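Peer 1: Got a predicted structure plus its sequence, pasted below:
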Amino acid sequence: MPLAVAACAIVLPAAAHAGTPLAGVPPQLQQPAQQLQQWQKTLPPGQQNQVQQAIRSMPQPIPQLLPPPPPVFANNLDGWIRNAMYVMGQHRIPGSYDGIHRNIMRESGGNPQAINLYDSNAAAGIPSKGLMQVIDPTFHTYHVDGTSWNIYDPIANITAACNYAAHRYGTIDNVFSAY
């Protein structure tokens, strides 16, 4: 099924995208190739990989139409930080590995299920949650598209906190205490 959908996306005309020309793709296929790339980004990662595999098995230049599949990250603190940085890069949210790691270790000790039931936020009925100890209103305001709406999801929690820090302090790298 993904192959049939990909073939339709290549053939069907649509409004032109102002994008950078794709290397190795003939001029007459530039617009469909860019449309296919945009379409592929809307799929879940597993389906993106299926489309990649189907397209790569086709004759040239069709395999060149799609970008490489997104990286796969480990399901641990290092992987969560790297995955969050990948998402942040797509959204131009500044922050370094060290700045994120430093704040995670101070806020939650690396526990994605951490919840603070004792500070002023908790006393106000909105406890800080997750790796970066974000309160619900901040999480919802600074949520990053493409991540989970679950505040305990490590990637969603990190990206929302870094997005907040970028708006308030310029970058998470400038945060050295509770924020």
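Peer 2: Here it is on my side, so go on. Residues are numbered from 1 along each chain as shown.
Peer 1: Show me the shaky parts of the protein.
Peer 2: Scanning the chain for pLDDT under 70 picks out 1-20, 22-26, 55-56, 58-66.
Peer 1: helices or strands next to the biggest helix by length in it in the packing?
Peer 2: Ranked by residue count and defined by DSSP state H, the top helix of the chain is helix 154-169. In terms of contacts (3 or more C-beta pairs under 8 Å, 6 or more residues apart in numbering; DSSP states H and E), helix 154-169 is packed against helix 77-90, helix 97-107, helix 136-142. Any C-beta I mention is one placed from the backbone N, CA and C, and that applies to glycine too.
Peer 1: quick one, that helix and helix 97-107 angle?
Peer 2: Comparing the axes of helix 154-169 and helix 97-107 via axes from the mean of the first three to the mean of the last three C-alpha atoms, to 10 degrees yields an angle of 100 degrees.
Peer 1: Tell me how far the spatially closest residue to Gln90 that is not a sequence neighbour lies from Val51.
Peer 2: Distances taken as C-beta to C-beta, 6 or more residues apart in numbering place Gly146 nearest to Gln90, at 7.5 Å, with adjacent residues excluded. To Val51, Gly146 is 17 Å away according to C-beta to C-beta, to the nearest Å.
Peer 1: now His140
Peer 2: 32 Å.
Peer 1: The two: which has the busier surroundings?
Peer 2: Legend: neighbour count by other C-beta atoms under 10 Å for His140 and Val51, higher for Val51 (20 against 12).
Peer 1: So what does the more buried one have for phi and psi?
Peer 2: Here is the backbone geometry of Val51 (degrees, to the nearest 10): phi -60, psi -40.
Peer 1: and it, how far is that from Pro67?
Peer 2: With C-beta to C-beta as the criterion, Val51 and Pro67 are 11 Å apart.
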